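> Here is my input; please provide its structure:
(chains A, B, C and D)
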There are 2 protein chains.
Amino acid sequence: MAKKRVTLADVAKLAGLSTTAASMILTGRPDTRLSAEAHAKVHEAASQLGYRPNVAARALRTDKSRSIAFISDYVATTRFASGLIRGALAAAEEARHVMLVLETGGEPAREIQAVQAALDRQVDGLIFAAMRAREVFVPDIVINAPVVMLNGTSARFPLSVLPDEYQGGRDAVRLLLEAGISGDIVLLGHNAEDEAGLFRSEMINRRLAGIKDAMREAGLAFIAELSCWNWEPDQGFDLTRKLLATKRPRAILCLNDRLAFGAHQALSEAGLSIPEDVALVSFDNDEIASYLRPGLTTIALPHEEMGRAAVELLLRPGATSGATLAMPIIERGSIRSPAGLI
Amino acid sequence: MAKKRVTLADVAKLAGLSTTAASMILTGRPDTRLSAEAHAKVHEAASQLGYRPNVAARALRTDKSRSIAFISDYVATTRFASGLIRGALAAAEEARHVMLVLETGGEPAREIQAVQAALDRQVDGLIFAAMRAREVFVPDIVINAPVVMLNGTSARFPLSVLPDEYQGGRDAVRLLLEAGISGDIVLLGHNAEDEAGLFRSEMINRRLAGIKDAMREAGLAFIAELSCWNWEPDQGFDLTRKLLATKRPRAILCLNDRLAFGAHQALSEAGLSIPEDVALVSFDNDEIASYLRPGLTTIALPHEEMGRAAVELLLRPGATSGATLAMPIIERGSIRSPAGLI
DNA sequence: CTGTTAGCGCTTTCAT
DNA sequence: ATGAAAGCGCTAACAG
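Now for the predicted structure:
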């Protein structure tokens, strides 16, 4: 048992050639001109022996490990992460790279650990993914490898992959307008402190900017702006219920789907029907958006595409500018229920 | 720029010692007896230079890469994956290992690719995580490293980490009984084909076995068993609505939270209140379980603990038996609303 | 066109 | 108690 691993030397010996020849043939270097016969023999020997190159040895020699690191603050806390990882994984696989996943919890000490762990393994590049913050702290370590920021930005590293929040904001308003809604709209989730530049400020500011510009251009203003710190269903519920005590909105524009979920609950409880009495739009395309009845019309965060873009950017040699990805409009039935929509 | 990486030789030179000495001191071998002075000098030099060992080189020499592979069929499709990954990541970090994450989509070709990619990188062990299937296909490749199955089993590899579905099933019934419910219970999600041994059969069979045993022991029988193929909210909704046309259950035991979510919608629509009119219990502790009003009482899948257990098992030298983890009872308000429950 | 040689950075006998 | 030297598996100069 524990058969010794087959090495390049074994292959070369079986093929009756030197390891050099075997190496060149197997790595498929174009500039070399070995006989077709040699090629055949080496490939034959390799597959017969089940040869697999030792990546550690190769990395030692070439400084290329065919692996990248995906370092994120949180991976499970938010449903966002999995889409990001999935997309990144798919792109890495296509490029025949392997991905190390590391989580830091946003703690500086763990960030340093993570970056060093990755660097110690000679990764070919690093992705810093942000689930929570927008401006990401990247430990002050010399990083001799390409870096791309995913869903975040950093002063040190210019390459970022971001969703087009501004346009997303505009689209949300446009959907309402196109459904013939021209007033009595409330905004749910606006938070003054965000605008002041605190928690996830940039991200939300862009979204908000798009919303407000579109509203202004249409000559509209919100009849109420409900703000809260925590964008969870219970907040959406409470705020909406309170709102309904004094106002009767025609539409509620929610800053994320979880808030919309809570609003949906409050609306149902009040006997209001969606979308006839009040329409709902929101952002993210959270899983719950499709669970509601009617389904939530939402401006999606293109997580999978973002993950994919980050890896492609990382692996493209001279990449010089990042990517801003469109947020797809997912129409379900919470604004209007045309034939064919759920 | 692009300062050359500092190597062990640099440290040794600065310390005025041989690389041998530096190596022994830095790796902290106990059996060697170098002078305290030598220790001090080497450590001093290392930290001054910011020395970091090259893991690839070390792996080449020692056959230990301090990395493990996490190979799963699906990572993003199910909300399960992230908990599993998160737990595994935490345990790996504590053991100073790094984790490669690979996704196969359950396709044999990709499974082979993934295993080889991992093996090529000399991983110290592999975890096969199953999100969909129970019995996992592991490609027939010689794997000279420990393997543990996570949320699945394999004929080839005996070490598995599984949730205690049987006890979980019993607990669900017990909760109903303890709330004084003693009849008119319906089972939602039972699927005859599962019992026949198809899709995720084993997992569900154990859960069902626990439920049925507990029911029988209490001298109870379901007044209806609603089966469906796809355990999603819309199915739960349709089935429950249909049920309500002819029967008035006192409780619905749902085989997962998404089904319960749909049942909840149908119940609310019918003007029935939870838990007073009908109680709800289910399984998984999906995120949505906490979003509902009242919150769903559910038997949780301990994903994070499972991920953690898998890594610990993998890294423990002589591990010989797997782990079966308890499914925690998460009491919210869908069976009864005692003071303090949401 | 092919083979020999010299390392990549590290650990580990084996001498001293 | 410490160091010289060999070698893990591979690739890249350089000869032949």
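> Up against DNA strand C, what does the stretch 1-150 of chain A have?
Contacts of the stretch 1-150 of chain A with DNA strand C, taken as C-beta under 7 Å from any atom of the strand, map to A:16-21, A:32-35, A:37-38, A:57, A:60-61. C-betas here are computed from N, CA, C, even on glycine.
> how does it look with 10 Å?
A:9, A:12, A:15-25, A:31-39, A:41-42, A:56-63, A:120, A:122 (C-beta under 10 Å from any atom of the strand).
> Next up, the contacts around residue A:51.
A:6, A:7, A:8, A:10, A:11, A:26, A:45 (C-beta atoms under 8 Å, 6 or more residues apart in numbering or on different chains).
> one more time with 7 Å
Counting by C-beta atoms under 7 Å, 6 or more residues apart in numbering or on different chains, residue A:51 makes contact with A:6, A:11.
> so it, which of the three states?
coil (DSSP: H, G, I helix; E, B strand; the rest coil).
> Please report how far it lies from chain B.
Noted for residue A:51: a distance of 11 Å to chain B, by C-beta to the nearest C-beta, to the nearest Å.
> any weak-confidence spans in chain A?
Filtered on pLDDT under 70, chain A yields the residue ranges A:1-4, A:29-34, A:76-80, A:132-133, A:192-201, A:338-342.
> which element follows the biggest helix by length in it toward the C-terminus?
Secondary structure of chain A per DSSP state H: the longest helix is helix A:201-217. Next helix or strand after helix A:201-217 toward the C-terminus (DSSP states H and E): strand A:224-226.
> which residue does the stretch 201-342 of chain A bring closest to DNA strand C?
Residue nearest to DNA strand C within the stretch 201-342 of chain A: residue A:317 (22.3 Å; C-beta to the nearest atom of the strand).
> how many other residues sit next to that residue?
5 (other C-beta atoms under 10 Å in any protein chain shown).
> swap in residue A:108?
When neighbours are counted by other C-beta under 10 Å, residue A:108 registers 11.
> So which bits of the stretch 51-200 of chain A are right by chain B?
Neighbours of chain B within the stretch 51-200 of chain A, by C-beta under 7 Å from any C-beta of the partner chain: A:52-53, A:55-57, A:59-60, A:65, A:67, A:75-76, A:79, A:81-83, A:85-86, A:89, A:98-101, A:103, A:116-117, A:119-122, A:142, A:144.
> Doesn't the residue of the stretch 201-342 of chain A closest to DNA strand C belong to a helix?
No. Going by three-state DSSP, the assignment for residue A:317 is coil, not a helix.
> do you know how far it is from residue B:50?
When distance is defined by C-beta to C-beta, to the nearest Å, residue A:317 is 28 Å away from residue B:50.
> Same check on residue A:269?
From residue A:269 across to residue B:50, the span is 60 Å (C-beta to C-beta).
> swap in residue A:301?
For residue A:301 relative to residue B:50 (C-beta to C-beta), the value is 38 Å.
> more crowded one of these two?
residue A:301 (25 against 12).
> thinking the more buried one is in contact with residue A:289, fair?
No. Using C-beta atoms under 7 Å, residue A:301 is not in contact with residue A:289, being 11.2 Å away.
> Give the burial count for residue A:54, as a bare number.
Applying other C-beta under 10 Å, we find 20 other residues in the vicinity of residue A:54.
> got it, and residue A:94?
By the criterion of other C-beta under 10 Å, residue A:94 has 12 neighbours.
> How about residue A:271?
Neighbourhood size, residue A:271 [other C-beta under 10 Å]: 7.
> Could you tell me whether it really is in a helix?
No. Looking at residue A:271 with three-state DSSP, it is coil, so not inside a helix.
> And residue A:282, how close does it get to residue A:258?
Residue A:282 is 9 Å from residue A:258, by C-beta to C-beta.
> now swap in residue A:183 and tell me
Noted for residue A:183: a distance of 26 Å to residue A:258, by C-beta to C-beta.
> Same check on residue A:83?
For residue A:83, the distance to residue A:258 equals 16 Å [C-beta to C-beta].
> Show me which of those two is the more surrounded one.
More crowded of residue A:83 and residue A:258, by other C-beta under 10 Å: residue A:258, with 25 against 21.
> Wait, the more buried one touches residue A:232, no?
Yes. Counting by C-beta under 7 Å, residue A:232 is a contact partner of residue A:258 at 5.4 Å.
> and the nearest residue to residue A:319 once chain neighbours are set aside, helix, strand or coil?
Spatially, and ignoring its direct neighbours in sequence, residue A:319 is nearest to residue A:313 (5.1 Å; C-beta to C-beta, 6 or more residues apart in numbering or on different chains). Using three-state DSSP, the structure places residue A:313 in helix.
> Please tell me how far residue A:313 sits from residue B:51.
From residue A:313 to residue B:51 the distance is 31 Å (C-beta to C-beta).
> Kindly report the same for residue A:318.
To residue B:51, residue A:318 is 32 Å away according to C-beta to C-beta.
> tell me what the longest helix of chain A is packed against?
helix A:165-178, helix A:192-195 (3 or more C-beta pairs under 7 Å, 6 or more residues apart in numbering or on different chains; DSSP states H and E).
> Let me have the ones you listed in JSON lines, extended by mean neighbour count and distance to DNA strand C.
Converted to JSON lines, the helices and strands packed on helix A:201-217 look like this (neighbours: other C-beta atoms under 10 Å in any protein chain shown; distance: least, C-beta to the nearest atom of the strand, whole Å):
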{"stretch": "helix A:165-178", "mean neighbour count": "21", "distance to DNA strand C": "43"}
{"stretch": "helix A:192-195", "mean neighbour count": "14", "distance to DNA strand C": "46"}
